[in-house]
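Trainee: pasting a predicted model and its sequence here:
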Amino acid sequence: MRDCRTDLSIRVTNLVFRALPGTQPDTGSYALEDGREASLSTGGTAGVEGAWFITRHIGIGGRATISNMPLSVDKILQDESLDMISGYVGPFFSYPLTCRWLVGGKLLAGYVHYPSCRLSDIRIGDKNGFGFGTGLSVTFLANHKFGMKFSTDYDLVTSGFVPRGGIRHVLTLCGGASIMF
């Protein structure tokens, strides 16, 4: 096996920045205060993630995302959708499988905000809370400054449904580019 530290085509970097286009699969259904049932469908997610690696394998970083999830009430798709804005920080981990392939992980804690979403007679969203997340990734390094990353993130977040609240389980599938400084 080659020693990645002496391979000039791939150099170890300390700062990584990633764009995160992704999707959030169906996230279940919730009882509204008037007894009707609301459900969220698969929606899109966009965000950025960055980490400064203090050592070759351990870093500190953060993630900021915006998600949009189509909303149905009693199985009727609504014109409105539920948005979620979040920011997280925590430790990041990276381990090289080969000189070009890395596996990674993270443990994050942060803040979640749901802007107000008004249906004809019920308001949802307009709620803030905390979230905890983790994620696993695989990165292919095309050269010493550019890589392609595929990841999945799992978050436990405050629900945007008022007043019931509770916890939502969010699974996000991502693919993106990594730029390394």
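Mentor: Thanks, I have it. Residues are numbered from 1 along each chain as shown.
Trainee: which residues of this structure fall in strands?
Mentor: Taking DSSP state E, the strands of the chain run over residues 15-19, 22-24, 29-31, 37-40, 43-53, 58-73, 76-96, 101-114, 117-118, 123-124, 127-141, 146-158, 167-180.
Trainee: how about those in JSON lines, adding mean pLDDT?
Mentor: Formatted as JSON lines, the strands of the chain follow (pLDDT from 0 to 100):
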{"stretch": "strand 15-19", "mean pLDDT": "56"}
{"stretch": "strand 22-24", "mean pLDDT": "64"}
{"stretch": "strand 29-31", "mean pLDDT": "77"}
{"stretch": "strand 37-40", "mean pLDDT": "83"}
{"stretch": "strand 43-53", "mean pLDDT": "86"}
{"stretch": "strand 58-73", "mean pLDDT": "90"}
{"stretch": "strand 76-96", "mean pLDDT": "92"}
{"stretch": "strand 101-114", "mean pLDDT": "95"}
{"stretch": "strand 117-118", "mean pLDDT": "83"}
{"stretch": "strand 123-124", "mean pLDDT": "79"}
{"stretch": "strand 127-141", "mean pLDDT": "93"}
{"stretch": "strand 146-158", "mean pLDDT": "89"}
{"stretch": "strand 167-180", "mean pLDDT": "83"}
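Trainee: hey, what's residue 77 bridged with?
Mentor: Beta bridges link residue 77 to residue 72 when assigned by DSSP bridges.
Trainee: tell me how many other residues crowd residue 68.
Mentor: Other residues near residue 68 come to 14 when the count uses other C-beta atoms under 10 Å. From N, CA and C alone the C-beta is placed, and that goes for glycine too.
Trainee: so it sits right up against residue 41, yeah?
Mentor: No - using C-beta atoms under 8 Å, residue 68 is not in contact with residue 41; the gap is 10.4 Å.
Trainee: number of residues surrounding residue 121?
Mentor: When counting by other C-beta under 10 Å, one arrives at 8 neighbours for residue 121.
Trainee: wait, what's in contact with residue 148?
Mentor: Each residue near residue 148 by C-beta atoms under 8 Å, 6 or more residues apart in numbering is listed here: 139-140, 142, 175-178.
Trainee: whichever of those residues end up buried, select them in ChimeraX.
Mentor: Buried members of those, defined by 16 or more other C-beta atoms under 10 Å, are picked up in ChimeraX with:
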select :139,176,178
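Trainee: what two of the contacts of residue 148 have the greatest distance between them?
Mentor: Pairwise distances across the contacts of residue 148 (C-beta to C-beta) peak at 14.1 Å, for the pair 142 and 175.
Trainee: hang on, the earlier thing: looking at the contacts of residue 148, which is nearest residue 48?
Mentor: When the contacts of residue 148 are ranked by distance to residue 48 (C-beta to C-beta), residue 176 comes first, at 9.1 Å.
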